[in-house]
Structure formats: structure tokens, C-alpha cells
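Q: What follows is a predicted protein model with its sequence.
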Amino acid sequence: MHISRTPNPRGTRTIALVPRCPPSANRRLPGRPRSLGDVRGVTITGPGGPEKLTVSTLPDQTPGPDELVVDVASAGVNRADLLQRAGSYPAPPGAPDWPGLEVSGTVARVGDAVSGWSVGDRVVALLDGGGYAEQVRVRATQVLPVPDGVDLVDAAALPEAVCTVWSNVVDVGRLAPGEWLLVHGGSGGVGTVGIQLGAALGAHVAVTAGGRERADRCLALGASLAVDHRAEDFVAAVRDASGGHGADVVLDVVGAAYLPRNLEVLATGGRLVVIGMQKGRRAELDLGLLLARRATVAGTTLRARPPQEKARIVHEVLTHVWPLVEDGRVRPVVHARLPLDEAARAHELLDSGEVFGKVLLVP
């Protein structure tokens, strides 16, 4: 794969809501080559809480013919990792059994059949697993260059969220300019990207968030409407803001608890895309309302998709979204950066509901 970069006069801005974790004398600097045999990672000792995470020595990450090995500068923490730790979201066949779905870093080794990448290239990667580590192995088709102007560490906040939003809002949801997009969980890692990407694509973006202060931060990212779900009715708010039209696309991480209300908020011909089950997996579907709306309900996951689908999504992101990152319309939103050894605290932080954007682990 040939990667070309164009000059970027504006650069991009990264939102950092807390200071970087302080330098440590024994922490490897991002981009510094790693010798063989000293790779550490965070493994799961058994189903349970954050205490089940422990730092272990990992197997040598030798690349296959179509793979790269990446020295990790930063790893994104996602809710899927919390589910995997709890024992309810196992790694797909062939994937590492330690958590982590996205990283940034520098290429350390290149498989024999790989072209277009060289040792030392700054990259981000969408993983099947294994990102909580100092080094990862990944298919070359699931790797992207770090966008111009984005910090190497903070770039780890992008691949999983951007690929999730693109594949669900654009591929499945068929969002078009001028339509209304409703993003539940607007203050999360996927939500903050959904706001920016939806707005950059010309949609009116509405979000739900917990608390007025978090809702206002979503407005600052480009949302047209931000609803405090603790105090406001999102169905009434979206219908009022859209002149009675409703939401053309709903991106939902909540699940069962929101299914009836999501159908009510849909516009005629609307598309509901469910990507999470934070509040339940079973609910009653009003087929009469579904038919009246001429609506579509879809459910998807990203991690379990076959390699060729992930390769297609990554290529589309490179073509259509990376230019928006490089000109500053989409940017990583980072709540905290913690050392790899503090993976348990990162999980506690994400589970607290106080995170705005992404939590990153820095080896």
C-alpha cells in the first residue's frame, strides 16, 4: 500500500483535558526501538474487576508475511476492554487474549510480503486485540499513518473510534449532508468523534450526555443540539430542534433501555444503528411503529469482522476521514494518559462515567 502525505498548513489540534503523565526514568520513550525478549503487556488473570489486570512478559511479536510489528507509544482504552476483562467479550479466534483494540507507535519490523511501510514510520493501528503492550503485531491492512499535526501519543485515540463511526454512521447508517444524526453517549470516545465527523460531513448533530456541563462540551465540539439525558427528554428535544422531522440516523451505545425511545425519535425512513448494550440487551420492539416509520434497525460490532472488511474500512478512513483530521475538523479528544502499569486505574476511570473522550495507556 502506498501512503502519500500532503502538506498541511493548518495542522490539527488535540484536546487534552488533563496533563500528560509525568516522565519516568524507567519508561521507554515513544519511538525508541525495543530489543527482543523484553516486551511487557497487561494480561487478564481471570474474569472479574480491574484487579484482574496484571503486567506480564509477553511472547515475542515476530511479524507474519503480511504483518507489521509496532513499538507502542500509546494504547486506547475502550469499553470493549472492560467487557473482555469481565469475561463477557472474549477475543476473536487467532487474536491475542490480552486487551487493547488500538495503538499508536512506530514500525519496528516489517513482514516479508509488506510494501509501503518502513521501520521507523509513525502509525496507528486497528487491532483484533493485544494493544495493552509495549509492542504489537498487526496486519498491514489495518495500519494508518499518524495524521500530520497529531501528537504520536494522542493519535491512539483515533483508530477504533473513527473506524467505528465511519463504518456505522456512513456505511450502515448512510448519513447524508443536511440530515439529522443523533449520537448517544456524546461525551465518550466514539461520541466525541461522532460529533466532529458528523458535522464535518454536513449533518446536523444532536447528542445525549450526562449533565449540562458535559453536554456543553459536546456543543463546543460541533454538536447542534446537546441534551442532558438526566434532566431532558431527548425525543422531544430532537423533534423540536429539527422542526418535527426527527433523527435520520441514530448511533446508540445504550441498548435495550433506549430502544422504544429511539424508534420514537426516528424520522420517516430513519436508520437506528446499535453498537453497544450498556443498559441491557433485551427489549420489546414495536413493529407497528417500525413499519409506520419505514425505519431500519441494525446492530453491528467492529472487532469480530473478517480481515477483508476491516481492511476496507481502514482504506475508506484513510481516503475520506484522514484529510478531515489533518485539516483540524476531526481531532483526538483525550481525557487522561496513564502509565501502562496503571491499567486497572484506567478501567476504573472509564467505568466511573466521568471520562470525556478517551483514556490512553502509555508504556
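A: Good, I have the coordinates.

Q: Show me what the helix or strand containing V103 is in contact with.
A: Element membership for V103, per DSSP states H and E: strand 102-110. With contact meaning CB atoms under 8 Å, 6 or more residues apart in numbering, strand 102-110 is reached by 30-31, 33-34, 62-63, 68-76, 78, 117-127, 131, 135-136, 146, 152-160. Just so you know, the C-beta spots here come from the backbone N, C-alpha and C atoms, and that holds for glycine as well.

Q: any low-confidence regions in the stretch 1-150 of the chain?
A: Residues of the stretch 1-150 of the chain that meet the criterion pLDDT under 70 lie in 1-37.

Q: Which stretches in it count as helices?
A: Taking DSSP state H, counting those that start in this stretch as the criterion, the stretch 1-150 of the chain carries its helices at 79-86.

Q: For the residue nearest to the spatial centre of the chain, which non-adjacent residue is closest in space?
A: Centroid check for the chain by CA atoms, centre = their mean gives A161 as the closest residue, at 2.0 Å. For A161, ignoring the flanking residues on the chain, the nearest one in space by CB to CB, 6 or more residues apart in numbering is V193 at 4.2 Å.

Q: what's the answer for P65, then?
A: Of all residues not flanking P65 in the chain, A113 sits nearest, at 4.0 Å (CB to CB, 6+ apart).

Q: How much space separates that neighbour from A140?
A: A113 sits 8 Å away from A140, going by CB to CB, to the nearest Å.

Q: When those two are compared, which one has more neighbours?
A: A140 (24 against 11; other CB atoms under 10 Å).

Q: related to what we said a few turns ago, if I look at A113 and A140, which residues touch both of them?
A: With contacts taken as CB under 8 Å, 6+ apart, A113 and A140 have D66 as neighbours in common.

Q: shouldn't the residue nearest to A161 be in contact with S167?
A: No. In this structure V193 lies outside contact range of S167 using CB atoms under 8 Å: 12.0 Å.

Q: what about those two, which has more around it?
A: The neighbour count for V193 versus S167, taken as other CB under 10 Å, is higher for V193 (30 against 24).

Q: Tell me the buried residues in the strand or helix carrying the more buried one?
A: Assessed by DSSP H and E, V193 sits inside helix 189-200. Under the neighbour-count criterion of 16 or more other CB atoms under 10 Å, helix 189-200 has G189, V190, G191, T192, V193, G194, I195, Q196, L197, G198, A199, A200 buried.

Q: what mean pLDDT does it have?
A: Summarised as a single mean, pLDDT over helix 189-200 is 98.

Q: So what angle separates the directions of it and strand 102-110?
A: Between helix 189-200 and strand 102-110, the angle comes out at 90 degrees (axes from the mean of the first three to the mean of the last three CA atoms, to 10 degrees).

Q: so how far is helix 189-200 off the chain centroid?
A: For helix 189-200, the distance from its own C-alpha centre to the chain's C-alpha centre is 10 Å (CA atoms, centre = their mean, to the nearest Å).

Q: Quick check: phi and psi on E326?
A: Phi and psi for E326, reported as degrees, to the nearest 10, are phi -70, psi -30.

Q: hang on, isn't G173 packed against V273?
A: Yes. Counting by CB under 8 Å, V273 is a contact partner of G173 at 5.1 Å.
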